[in-house]
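Asks: have a look at this prediction, sequence included:
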Amino acid sequence: MSDTVLSGLAEIVEEVAGVAADDVTADKSFVDDLDIDSLSMVEIAVQAEDKFGVKIPDDELANLKTVGDAVNYITSNK
Amino acid sequence: MTSGIEVVITGLGATTPLGGDVTSTWDALLAGKSGVRPMTHDWVEKYDLPVKIASQLVVDPTEVLPRVEARRLDRSEQVAIVASRQAWSDAGHNDDTVDRQRLAVIIGTGIGGAITLLTQDDLLETQGLRKVSPLTVPMLMPNGPAAHVGLELRAQAGVHAPVSACASGAEAIAWAYRMIMSGEADVVVAGGAEACITAIPVAGFSQARTMSTRNDEPEKASRPFDTGRDGFVLGEGAGVMVLERREFAEARGAKVYGRLAGIGTSADGYHITAPDPEGVGQSRAIAASLRSGGIDPADVGHVNCHATSTPVGDVAETVAIRKAIGDHPVLTAPKGALGHLLGAAGAVEAIVTVLSIRDGIVPQTLNLENLDPAVTLDVVAGEPRKIKLEAAVNDSFGFGGHNVALAFTPA
């Protein structure tokens, strides 16, 4: 698991949804633990695409349930 | 009234160009302060707009709201949330004071999320679809202010958003009256919100030649009933009141500011923007508010006027007042100080009217130096006037020929 990607993603989540970056850990579910709605997930995905130079198509986004899922997807696709 | 139901006001909230809450707004109004200032936005110079002044909030809502909450809301929604929280708290309500299925929210706006619309359109043009916010639609929809407040309070008797231009805020309060009188709700949070000080509304109103261009003297630009008036000054803000069935309010021991005794609404059927110079539709709304409230016109001591500082509108309103009430009411026009808050105007000015009754004082019409000779009624100028009021009417009129009159009486 890339710490750089995790901390970069945590910054985006804090900016968009107001969740403290320290709380954005790999095991957390975006919806169930961090209370992030589908609209905010779209914003987070767009910012992550820009920050990490990846493409996150809608059907892939739907599979990213946890922060760890997102970090792994970004790490293996950038 | 045959129903036996009375509607009372138990909470007030506002954020305006005169203050970040009701008390500071009321104090500034009585002190003769103006909310009008030069606009510093870059688009004023970019488009060489003829209007370079506006009546702008003294407390920016982003200073009051948490950052993440603010970024999910259009400015018109931000001010609605700020004013509603004040009113709800002022009324002494909490999670347990009312069954949510007996609680409604009604907040109107004239323009809606114009700033969001323009900002997102710019992003689409310059950076493409990916940069358009997924929150664009809930931020720009004109029911957004009502919807966000309704969601926060979990109001389930109904959430509504009247859109009748500059009468929207007053129409929301009239709608609240109807919901309580008909038994649909015990408590209604009602008012208006507006925040559209951006290029297109300013350009459009300018092209319609409705705005003051007294750019060199911002504080003197809004001057209802004065011979030197040359148009309105665009403003922003929100006003919200909590209205309740009297028995419900008394049962929970709430303080009562005053009573909304009656309401009247009508339409001119005359012109899309110009008022009927004979004031026929306006006078019908005023008369209806007295009739529904069982108020004798002779008891109406005061009218809080819509008067926006346009040459035609101000005089037409006084014709309507004479027709519906007579020559005796003492008038004031708060837009001299506040500017024109469009869809929030009726709500903020209704709050002012309620406070005039409570405190027995009518604020002066700021900048009224030379009364238009076509106005033959007594308009308060110079300084506030002490006057005990048995009943007072608040007028609100909007582009489209919408007329709303609210008749208030003491608690």
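Replies: The structure has been received and is ready for your questions.

Asks: which parts of the stretch 151-300 of chain B are strands?
Replies: B:158-160, B:187-194, B:237-245, B:258-267, B:300-304 (DSSP state E, counting those that start in this stretch).

Asks: can you pull the buried residues of the longest one?
Replies: Burial within strand B:258-267, assessed by neighbour count using 16 or more other Cβ atoms under 10 Å in any protein chain shown, is assigned to B:258-266. Using the backbone N, CA and C atoms, a C-beta is placed for each residue, glycine as well.

Asks: picking that back up, relative to chain A, which of the strands of the stretch 151-300 of chain B is closest?
Replies: Set against chain A and scored by Cβ to the nearest Cβ, those come closest in strand B:158-160, at 19.2 Å.

Asks: what strands line up against that closest one, and which way round?
Replies: Taking DSSP bridges as the criterion, strand B:158-160 forms sheet pairs with strand B:103-108 (parallel).

Asks: quick check: mean pLDDT across the partner strand?
Replies: For strand B:103-108, mean pLDDT rounds to 98.

Asks: show me the helices in the stretch 301-411 of chain B, by range?
Replies: Per DSSP state H, counting those that start in this stretch, the stretch 301-411 of chain B carries helices over the ranges B:311-324, B:335-338, B:345-359.

Asks: just these: most buried one?
Replies: Highest mean neighbour count among the helices of the stretch 301-411 of chain B (mean count of other Cβ atoms under 10 Å in any protein chain shown): helix B:335-338, with a mean of 30.

Asks: determine the set of other helices and strands touching it.
Replies: Applying 3 or more Cβ pairs under 8 Å, 6 or more residues apart in numbering or on different chains; DSSP states H and E, we find helix B:335-338 packed against helix B:22-30, helix B:345-359.

Asks: tell me the gap between it and the middle of its chain.
Replies: In terms of Cα atoms, centre = their mean, to the nearest Å, the centre of helix B:335-338 is set 12 Å apart from its chain centre.

Asks: any idea what B:Thr340 is bridged to?
Replies: Just so we're on the same page, residue B:340 is His rather than Thr. In this entry, B:His340 is beta-bridged to B:Leu234, by DSSP bridges.

Asks: enumerate every residue touching it.
Replies: Applying Cβ atoms under 8 Å, 6 or more residues apart in numbering or on different chains, we find B:His340 in contact with B:55, B:166, B:222, B:232-235, B:308-309.

Asks: swap in B:Ile107?
Replies: Neighbours of B:Ile107 in contact, by Cβ under 8 Å, 6+ apart: B:80, B:84, B:145-146, B:149, B:161, B:172, B:189-193, B:240.

Asks: ok, now how distant is whatever residue of chain B ends up closest to chain A from B:Leu371?
Replies: Relative to chain A, the nearest point of chain B is B:Val68 (3.1 Å; Cβ to the nearest Cβ). Distance from B:Val68 to B:Leu371, counting by Cβ to Cβ, to the nearest Å: 50 Å.

Asks: near chain A too, which of the buried residues of strand B:258-267?
Replies: Here nothing survives when the buried residues of strand B:258-267 are matched to chain A using Cβ under 8 Å from any Cβ of the partner chain.

Asks: now for these, which pair is the farthest apart?
Replies: Using Cβ to Cβ, the pair of the buried residues of strand B:258-267 lying farthest apart is B:Gly258 and B:Ser266, separated by 23.6 Å.

Asks: make sure the residue of chain B closest to chain A is actually in contact with A:Val13.
Replies: No: if you go by Cβ atoms under 8 Å, B:Val68 and A:Val13 don't touch, sitting 10.6 Å apart.

Asks: quick one: classify the closest residue to A:Glu43 other than its chain neighbours as helix, strand or coil.
Replies: Among residues not flanking A:Glu43 along the chain, A:Val16 sits closest, at 4.9 Å (Cβ to Cβ, 6 or more residues apart in numbering or on different chains). What DSSP: H, G, I helix; E, B strand; the rest coil gives for A:Val16 is helix.

Asks: can you pull the contacts of A:Val16?
Replies: A:36, A:40, A:43-44, A:47, B:68.

Asks: give me the buried subset of the residues you listed.
Replies: The buried subset of the contacts of A:Val16 (16+ other Cβ under 10 Å) comprises A:36, A:40, A:43-44, A:47.

Asks: ok, how many other residues are close to B:Ala193?
Replies: Per other Cβ atoms under 10 Å in any protein chain shown, the neighbour tally for B:Ala193 reads 41.

Asks: quick one, what contacts it?
Replies: B:76-77, B:79-80, B:83, B:107-109, B:145, B:169, B:237-238, B:343-344.

Asks: which among the strands of the stretch 151-300 of chain B is found nearest to B:Ala208?
Replies: Ranked by Cβ to Cβ, the member of the strands of the stretch 151-300 of chain B that lies closest to B:Ala208 is strand B:187-194, at 17.3 Å.

Asks: could you pull out the buried residues of that closest one?
Replies: Buried, per 16+ other Cβ under 10 Å, within strand B:187-194: B:187-194.

Asks: same deal with stretch B:193-206?
Replies: B:193-202, B:205-206.

Asks: now intersect these with the helices, please.
Replies: B:199-202, B:205-206 (DSSP state H).

Asks: follow-up on the earlier one: what would the buried residues of stretch B:193-206 look like in TSV with pLDDT?
Replies: Compiled in TSV, the buried residues of stretch B:193-206 are given as follows (pLDDT from 0 to 100):
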residue	pLDDT
B:Ala193	98
B:Glu194	98
B:Ala195	98
B:Cys196	97
B:Ile197	97
B:Thr198	96
B:Ala199	94
B:Ile200	94
B:Pro201	95
B:Val202	96
B:Phe205	95
B:Ser206	95
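
Asks: can you put the strands of the stretch 151-300 of chain B in TSV and add distance to A:Thr25?
Replies: Formatted as TSV, these follow (distance: least, Cβ to Cβ, whole Å):
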stretch	distance to A:Thr25
strand B:158-160	37
strand B:187-194	39
strand B:237-245	39
strand B:258-267	53
strand B:300-304	57
